[in-house]
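**Student:** Compute the structure for the input listed below.
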Amino acid sequence: MPFITIDNQEIEFEDGMTVMQACELAGVEIPRFCYHDRLSIAGNCRMCLVEMDKSPKPIASCAMPATEGMKIKTNTDSIKRARKGIMEFLLINHPLDCPICDQGGECDLQDQALHYGLDRSRYEENKRAVKNKYMGPLVGTIMTRCIHCTRCVRFSTEIAGVDDLGLLGRGENAEITTYLEKAIESELSGNVIDLCPVGALTNKPYAFKARPWELNKTESVDIFDAMGSSIRIDTLGKKTLRVLPRLNEEINEEWISDKSRFAIDGLSKERIDIPYIKRNGKLISTEWDEVLNRITQEISKHGKENTLALSGKFTDIETLFATKYFVQSLGSNFFDCRYDNAQFIENQRSSYLFNSSIQEIDNAEVILLVGTNPRWEASVLNARIRKSYINNDCKIGLIGKKIDLTYEYSHLSDNIEHLNDLLNDRSPFSELLKNSKKSLMIIGNSAINFRDGKEVLNVCSEIAKKYNISTNNFNGFNVLQQDISKAGAIDIGFYNNDFAQNFDQKIKDHISKFNPVVFLLSCDEINHSILEGAFIVYLGHHGDVLAQLANVVLPTPAYTEKSSTYVNMEGRVLQTTRCYHPLGESKEEWKIFRSLSNNFSQKLRFNNLSELRNEISNLFPVFKEINNLPSSSKLDFGSATKIENRVLEYNIKNFYMTDVISRASITMANCSREILNKVA
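**Tutor:** Reported below is the predicted structural model:
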């Protein structure tokens, strides 16, 4: 490996590194505004100047390739003077907004001005003023503060894949704009707020709510999709004010979707915070003792052995485990997590996981998408696919309705039966799969949520084996789950084969036959007509449609109000962290079922969260390790069944409103109306 000398220290570096990256290896911090590790190099702020031996003037270290024998100095008097000069130019037109700026306390310009700024200005002319631009309901603008680093432009073009932002004009008239002043049409637009090194782009819903130093910062996990992105939740009292991404190279890099970031205002709207019982067609508030006694009476009245439990999008492992064993203690095995009818193959973990790992998308040469819209189902994962498309010239094929995925792809068919052509080597995409050294197949819920779902999985497995997508050393067969709760629910066996293939009809038949007590664990996405005749006990934190139809409503904490365990789409076990105590009289679901079990012959064998988690890990060893990527297993299933004709329809119709929290969010309603032209 080559060597470079930085401040008289010899450093070994990798080919392709810039001088700035080599300086970081030497432990030298170089100031910068325009440079960002994940964006192309612009070299337009000049703050990163360093001295290079035999160069007549300072060089921009972010844009200069490091070469063998190069001698660099980063802290000479001339470099300090140059940086002070650059800072003086940047501050000539920058307004004195620090006391009222939302970026105050987290501002790169503020921090670097402390080291390189002067204590007075020599500039006596009027400061330049720029009209604020409209960028939609999420991103606020005060463009007079902009220093034209172009990070936001490069992010929107390179990472998000939309050309909504650009720089117009030259010199003093240069401005960052959305051209036609419209909303940024990207599910990742909020990331430009984090990228902006000044207060030009700010979080519009968060504006003037709090200062950074006032907030309690809690590291947690995002639950709005199945990726389990690493996030930081900023709270003030019992109010969630802001969500920011945390660096996690293996999952979300340093991005999160707009829903993860902005739907949080829904956490304080339409909340259920006390128990209710329905009397004379109206839900009346009541006490916990009364409501638990009523549930006990109804279970005995309707038949303990017929009791049914259905889980929803956000149901955590603790809730699923406690519910399952409570229902089984009553003599019932009727519980399920497949409200969307998505199928899997029993005892085959690889039939419902993203086996290759999310990070392996970076190395893919060919990707086959089957019945999935990753842009809406997992926006950050879609950005990874785009990254592979740009960096590796990755070839992508789609079986499903033609949509804008932010990158070019081959549209193979609208019909799932095209899998037959792939299996029999009759597809135009077959040749690419044959010649690829590393291919991935990503199957969406829209491909497997019908009665032929298992057949689709089996045929896809055969295709994966045929084209070496799955080998002894690597498994590129991936199922893209939409919900953070699904993989964990299947892992602990929260399903009943009696409800496979046609969930709605079979649940309806069960309820029509037995009229049982039905526990809905924040399960709001099912067709409520199938519940007719049941005694409904709704456990949740928002008063959505099914809460209003329930006979009993029990308040439970949202994801910011409890510590919960989830399994993400890769099979990683992740845990959220409680930010503040639950609102009102809300109680964690496992506590409710533990209390209910006291009224029956078999009590559940745990009394606190630690004992519950020990029970879970003893019965299911996969939960003993947190944050570890499980080793992918070889595909042990598959059959060459003929797939019947079926036109694929994506089951997410509105990215911004897919769950109880986002449906309660005013911000998401505004996005739905402005960006998708849908009225909430």
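**Student:** Verify the contact between Gly69 and Glu10 for me.
**Tutor:** No - using CB atoms under 8 Å, Gly69 is not in contact with Glu10, being 10.2 Å away. (Glycine included, C-beta is placed from N, CA and C.)
**Student:** Give me the common contacts of those two.
**Tutor:** Shared contacts of Gly69 and Glu10, defined by CB atoms under 8 Å, 6 or more residues apart in numbering, comprise Phe3, Ile4.
**Student:** SS state for Lys84?
**Tutor:** State at Lys84, reduced to three classes by DSSP: H, G, I helix; E, B strand; the rest coil: helix.
**Student:** Just give me the neighbour total for it.
**Tutor:** 14 (other CB atoms under 10 Å).
**Student:** can you pull the pLDDT of it?
**Tutor:** pLDDT for Lys84: 95.
**Student:** try Ala680
**Tutor:** For Ala680, pLDDT reads 53.
**Student:** ok, and what's touching the helix or strand of the chain with the lowest mean pLDDT?
**Tutor:** One helix or strand of the chain scores below all others by mean pLDDT, DSSP states H and E: helix 545-549, with a mean of 90. Contact with helix 545-549 is made by Ile272, Leu283, Leu520, Cys523, Asp524, Ile526, His528, Leu531, Ile536, Tyr538, Gly540, Val553, as judged by CB under 8 Å, 6+ apart.
**Student:** and those, which are buried?
**Tutor:** When those are checked for burial by 16 or more other CB atoms under 10 Å, the buried set is Ile272, Leu283, Leu520, Cys523, Asp524, Ile526, Leu531, Ile536, Tyr538, Gly540, Val553.
**Student:** quick one: contacts for the nearest residue to Val660 once chain neighbours are set aside?
**Tutor:** For Val660, ignoring the flanking residues on the chain, the nearest one in space by CB to CB, 6 or more residues apart in numbering is His542 at 3.9 Å. Residues in contact with His542 (CB under 8 Å, 6+ apart) are Gly266, Glu270, Arg271, Ile272, Ser522, Asp524, Val660, Ile661, Arg663, Ala664.
**Student:** Give the buried residues for stretch 408-422.
**Tutor:** Buried, per 16+ other CB under 10 Å, within stretch 408-422: Tyr409, Leu412, Ser413, Asn415, Ile416, His418, Leu419, Asn420, Asp421, Leu422.
**Student:** quick one: it to chain centroid distance?
**Tutor:** How far stretch 408-422 lies from its chain's middle: 27 Å, per CA atoms, centre = their mean, to the nearest Å.
**Student:** before we move on, what about stretch 208-224?
**Tutor:** On CA atoms, centre = their mean, the centre of stretch 208-224 falls 16 Å from the chain's centre.
**Student:** tell me the mean pLDDT for that stretch?
**Tutor:** What stretch 208-224 shows for mean pLDDT is 96.
**Student:** CA-only coordinates of it, as CSV, when you get a sec.
**Tutor:** C-alpha atoms of stretch 208-224 as CSV (Å, rounded to 0.1, in the frame of the first residue of the first chain):
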residue,chain,number,x,y,z
PHE,A,208,-39.5,26.6,17.0
LYS,A,209,-40.6,23.7,19.2
ALA,A,210,-37.4,23.3,21.3
ARG,A,211,-33.6,23.7,21.4
PRO,A,212,-31.4,20.7,21.0
TRP,A,213,-30.0,20.9,24.6
GLU,A,214,-33.5,20.8,26.1
LEU,A,215,-34.3,17.4,24.6
ASN,A,216,-33.8,13.9,26.0
LYS,A,217,-32.1,11.8,23.3
THR,A,218,-32.9,8.1,23.2
GLU,A,219,-31.3,5.6,20.8
SER,A,220,-33.9,3.3,19.4
VAL,A,221,-35.2,1.4,16.3
ASP,A,222,-37.6,2.5,13.7
ILE,A,223,-40.8,0.4,13.4
PHE,A,224,-42.5,2.0,10.4
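**Student:** Max pairwise distance over the buried ones among the contacts of helix 545-549: which two?
**Tutor:** Distances among these were taken as CB to CB; the most separated pair is Leu283 and Ile526, at 19.7 Å.
**Student:** What does the residue nearest to Val660 show for phi and psi?
**Tutor:** Phi and psi for His542, reported as degrees, to the nearest 10, are phi -130, psi 140.
**Student:** mind checking pLDDT for it?
**Tutor:** pLDDT, His542: 95.
**Student:** quick one, strands of the stretch 151-300 of the chain?
**Tutor:** Secondary structure of the stretch 151-300 of the chain, counting by DSSP state E, counting those that start in this stretch: strands at 166-168, 175-177, 201-203, 216-221, 230-236, 239-245, 276-279, 282-285.
**Student:** now Phe519, what's its secondary structure?
**Tutor:** Under three-state DSSP, Phe519 comes out as strand.
**Student:** quick one: it and Thr323 touch, right?
**Tutor:** Yes - taking CB under 8 Å as the definition, Phe519 is a contact partner of Thr323 at 6.5 Å.
**Student:** which one of the two has more residues nearby?
**Tutor:** Per other CB under 10 Å, whichever of Phe519 and Thr323 has more neighbours is Phe519, with 28 against 23.
**Student:** The nearest residue to the more buried one once chain neighbours are set aside pairs with what?
**Tutor:** In space, and not counting its chain neighbours, Phe519 is closest to Ala309: 4.2 Å by CB to CB, 6+ apart. On DSSP bridges, the residues paired with Ala309 through beta bridges are Phe335, Phe519.
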